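**Student:** when you get a sec, could you give me coordinates for this:
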Amino acid sequence: MATTTVDNRRSPGMAKAGKVLMILGAVILLLSLIVGGILAYRGGSGVVETMDDLQTINNGQATVSAEEGDMLILLKRESAATAPSCQVTGPDGQDVPLETPTTSTTINEWKSFAAFTPSISGDHSITCDAEAAVSPPLSVSGIFGAVGGVLLLIGGSLLGLFLLGLGLLLWLLGRRRKQTDYVQPVQQTVQHPGQATQPGQRDQFPNGGPGQSH
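**Tutor:** Residues are numbered from 1 along each chain as shown. Have a look, this model is predicted:
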């Protein structure tokens, strides 16, 4: 008679995978908070400091120097009922198109109503039919840095929290299976032909063996 032992215990792979995901999620969350926060703070503070230094358009006309690719914002008095009509002329004498922002910004009782991006570096002439102001040239890289920092802060934090939660769930499930889904080794007894029957055990072939008959 031979005895075979079958081990049905589960491997702890789920718990290990959960630990890896928890570590990865924690690292992503920490880096997103640090790097995204720094980028958003530097970019945002730079834009705010620049916007504080507004140039008033006296007597309806002003000249500003800007580089190609910069952004300048036109503002009106917050108390004004309507925005003034302004025209911007570049160094080459060509009109620079004005863009209407989707959102307005209010700084020191001035409210933005238009913006323009020079295509040529040099002095630009601004003419308005009412009181207005123009911001200093804003660096597009600084603006994108602030926006990118905010997106990294939000997106990275959400991804890190998701991985952290998923890893914790897998780790808990793995530990629970290890504790409650443990199956003791099972012993299976196999009787080979020719072996004597143990006392109290019925013969598998009561008629004398396969192929024999009375």
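
**Student:** can you pull out the strands in the protein?
**Tutor:** Remark: strands assigned in the chain by DSSP state E are 2-6, 55-57, 61-66, 72-77, 86-89, 95-96, 106-107, 110-116, 122-128, 132-134, 186-190.

**Student:** shaky segments in the protein?
**Tutor:** Where the chain drops to pLDDT under 70, the residues are 1-12, 41-52, 139-146, 178-214.

**Student:** mind doing that once more with 50?
**Tutor:** In the predicted model, the chain carries pLDDT under 50 at residues 2, 4-11, 183-184, 186, 205, 213-214.

**Student:** and it, what are its domains?
**Tutor:** Following automatic domain parsing, the chain resolves into domains at 13-44+145-184, 54-135.

**Student:** including mean neighbour count, could the ones you listed go into JSON lines?
**Tutor:** Just so you know, the C-beta spots here come from the backbone N, C-alpha and C atoms, and that holds for glycine as well. JSON lines is the format used below for the domains of the chain (neighbours: other CB atoms under 10 Å):
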{"stretch": "domain 13-44+145-184", "mean neighbour count": "16"}
{"stretch": "domain 54-135", "mean neighbour count": "16"}
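
**Student:** select the longest helix from the chain.
**Tutor:** Longest helix of the chain, by residue count under DSSP state H: helix 140-180.

**Student:** is it true that residue 36 touches residue 149?
**Tutor:** Yes. Applying CB atoms under 8 Å as the test, residue 36 and residue 149 come out as touching, 5.0 Å apart.

**Student:** can you give the contact residues for stretch 60-70?
**Tutor:** The contact list for stretch 60-70, computed with CB atoms under 8 Å, 6 or more residues apart in numbering, reads 55-56, 72, 117-130, 134, 136-140.

**Student:** one more time with 10 Å
**Tutor:** 55-57, 72, 84, 86-91, 96, 116-141 (CB atoms under 10 Å, 6 or more residues apart in numbering).

**Student:** same thing with stretch 92-103?
**Tutor:** Contacts of stretch 92-103 (CB under 10 Å, 6+ apart): 66, 71-74, 83, 85-90, 112-120, 122, 124-126.

**Student:** end-to-end on that stretch?
**Tutor:** 30 Å (CA to CA, to the nearest Å).
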